[in-house]
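J.: Give me a 3D structure for the following:
(one chain, ligands or ions: 1)
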Amino acid sequence: MISRRALLGTGAVAATGAGLAFAQAASRQVITAVDVHPSDYPTVEAVRWMGQEIERETDGRISFRIYPSGQLGTETDTVNLARFGVLDIARVYLGAVNNAFPATQPLALPYTFRDDAHLRGVIDGPIGQAILRTFEQRDLIGLAFYDSGFRSMYNARRPIHTPADMRGLKVRVPRADIFMQMLDAMGANATPIPFGEVFTGLQTHLIDAAENNWATFQSTRQYEVARYWSQTDHCCAPEALLISKARFDSFSSADRELILAKARESVPVMRGLWDQKQAAARQTVLDAGVAANDVDKDAFRRAVEPMRRRYLADVSIAETVRRIEEHG
Ligand code: BDP
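T.: Reported below is the predicted structural model:
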C-alpha cells in the first residue's frame with residue numbers, strides 16, 4: 001500500500017512536472033515567416049532550414065512557422081506588417097523596400113552587376129552589410145540578402161532583340177518605382193500588377209509580357225503562357241530577409257546572436273539550392289519548347305542610362321554604385 005507521504009510526494013512531483021511543462025510551453029516562442037513563393041522555392045527552404053537549426057539549438061524553445069505562397073499578402077504589405085510587429089520575418093524582393101530604404105536602390109538599378117559572383121562579393125562584403133544595417137532606421141533588422149539571379153524579359157508575342165521590339169508591349173512589373181521606370185525606359189508599357197496575378201494576366205492577355213528570373217518563370221508556370229524568353233539580364237537585385245525589430249529586440253542577446261548567426265549561415269544553404277533551382281528551371285522551360293534568344297545588351301544598357309543617371313544624381317547612391325562597380 002502506498003503511504004500518504006509517498007502519495008503526496010508523487011503529487012508534488014506531478015505538480016512540479018506539470019508546472020515545468022506549463023512554464024516551458026509558456027516560454028516557447030514561435031517566429032512567423034512569410035514569402036510569396038511556394039514551399040519548395042529556395043528562399044522558403046532556406047528560411048525553413050534556419051528555423052530548424054534554431055529549434056534544434058534551443059531544444060524547441062524557439063521555432064518557426066512559415067506562411068509561403070503569399071498567404072499573408074503582398075510583399076509591400078508584409079514589410080509593413082513586420083515593421084508593426086504583426087508578423088516577424090518577411091522575405092521580399094528589393095523593390096518592396098526601395099522607397100523606404102533608399103540605400104537599397106543601388107542594388108536594384110539596372111546593369112549594376114556583371115555576374116552572380118560580383119553580386120555575391122558585394123552583398124557579403126562591407127557594402128552589403130552597411131545596406132543591411134540601414135533597415136534598423138525603420139523598425140526592421142536586415143538579416144541577410146539572398147540571391148535572385150538575373151531578371152530577363154519574357155512574352156507571349158515575339159522574340160525581343162532590341163528596345164525597339166518592346167514598343168507597345170504591356171509588360172508586367174512589380175509595383176516599385178525602380179521597376180516601373182526601368183521598363184518604361186526600355187520602351188515598354190510598364191504595367192504594375194501583383195505577383196500572384198501575373199500568370200492569369202498573361203493567359204488572358206491583360207498583359208503581353210513580364211520579367212523575372214528562370215526559377216520564378218518556371219515555378220509560377222508562366223512559361224506555359226509566355227513562350228518567348230529574351231535574355232536581357234537587366235537586373236539582379238538580391239532578395240531581402242528582414243525581421244521585425246520589435247520582435248527581435250524581445251529576445252535575449254544570446255537568442256539574438258543565434259538568430260543572426262543562423263541567418264548568415266542560411267545564405268550559402270540558399271545559394272546551393274538556388275544554383276540547382278535556376279539550372280533545373282531553365283532546363284524545364286527549354287524542354288517545354290520556350291524559344292530563348294540573346295539580345296543586344298548594349299542597346300538595353302543605353303536605353304536605361306538616362307533613368308540610371310537620375311538615381312546617380314544622389315551623391316550617396318552614386319558613391320555606392322561606384323564602389324560596387326570597382327568591386328573585383
Ligand atoms: C521574384 C521575387 C519575388 C517577387 C517577384 C515579382 O523573388 O519576391 O515578388 O519576383 O516579380 O523574383 O514580384
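
J.: So which residues on the chain come close to the ligand?
T.: V36, E75, V92, Y93, S148, P174, F195, N212, N213, T216, E239 (C-beta under 6 Å from any ligand atom). For glycine as for every other residue, the C-beta is placed from the backbone atoms N, C-alpha and C.

J.: confidence score at A299?
T.: Listed pLDDT for A299 reads 98.

J.: Which strand or helix spans it?
T.: helix 297-312 (DSSP states H and E).

J.: would JSON lines of the residues of the chain next to the ligand with pLDDT and secondary structure be doable?
T.: Output for these, formatted as JSON lines (pLDDT from 0 to 100; DSSP: H, G, I helix; E, B strand; the rest coil):
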{"residue": "V36", "pLDDT": "98", "secondary structure": "coil"}
{"residue": "E75", "pLDDT": "97", "secondary structure": "helix"}
{"residue": "V92", "pLDDT": "98", "secondary structure": "strand"}
{"residue": "Y93", "pLDDT": "98", "secondary structure": "strand"}
{"residue": "S148", "pLDDT": "98", "secondary structure": "coil"}
{"residue": "P174", "pLDDT": "96", "secondary structure": "coil"}
{"residue": "F195", "pLDDT": "96", "secondary structure": "helix"}
{"residue": "N212", "pLDDT": "98", "secondary structure": "strand"}
{"residue": "N213", "pLDDT": "98", "secondary structure": "coil"}
{"residue": "T216", "pLDDT": "98", "secondary structure": "helix"}
{"residue": "E239", "pLDDT": "98", "secondary structure": "strand"}
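
J.: Could you dump the residues you listed into TSV and include neighbour count and distance to L206?
T.: Below are the residues of the chain next to the ligand laid out as TSV (neighbours: other C-beta atoms under 10 Å; distance: C-beta to C-beta, whole Å):
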residue	neighbour count	distance to L206
V36	26	19
E75	26	21
V92	23	24
Y93	23	21
S148	23	25
P174	23	16
F195	19	14
N212	24	17
N213	22	22
T216	23	19
E239	23	26
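
J.: hang on, N293 in a helix?
T.: No - assessed by DSSP: H, G, I helix; E, B strand; the rest coil, N293 does not belong to a helix; its assignment is strand.

J.: who's in contact with it?
T.: N293 is in contact with P159, I160, H161, Y228, W229, S230, Q231, counting by C-beta atoms under 8 Å, 6 or more residues apart in numbering.

J.: Pull out the buried residues from the residues you listed.
T.: Buried members of the contacts of N293, counted by 16 or more other C-beta atoms under 10 Å: P159, I160, H161, Y228, W229, S230.

J.: Verify the assumption that the fifth one is located in a strand.
T.: Same thing as W229. Yes - using three-state DSSP, the assignment for W229 is a strand.

J.: What score does it have for pLDDT?
T.: Taking W229 on its own, its pLDDT is 98.

J.: Check the gap between it and the ligand for me.
T.: Distance of W229 to the ligand, given as C-beta to the nearest ligand atom, to the nearest Å: 15 Å.
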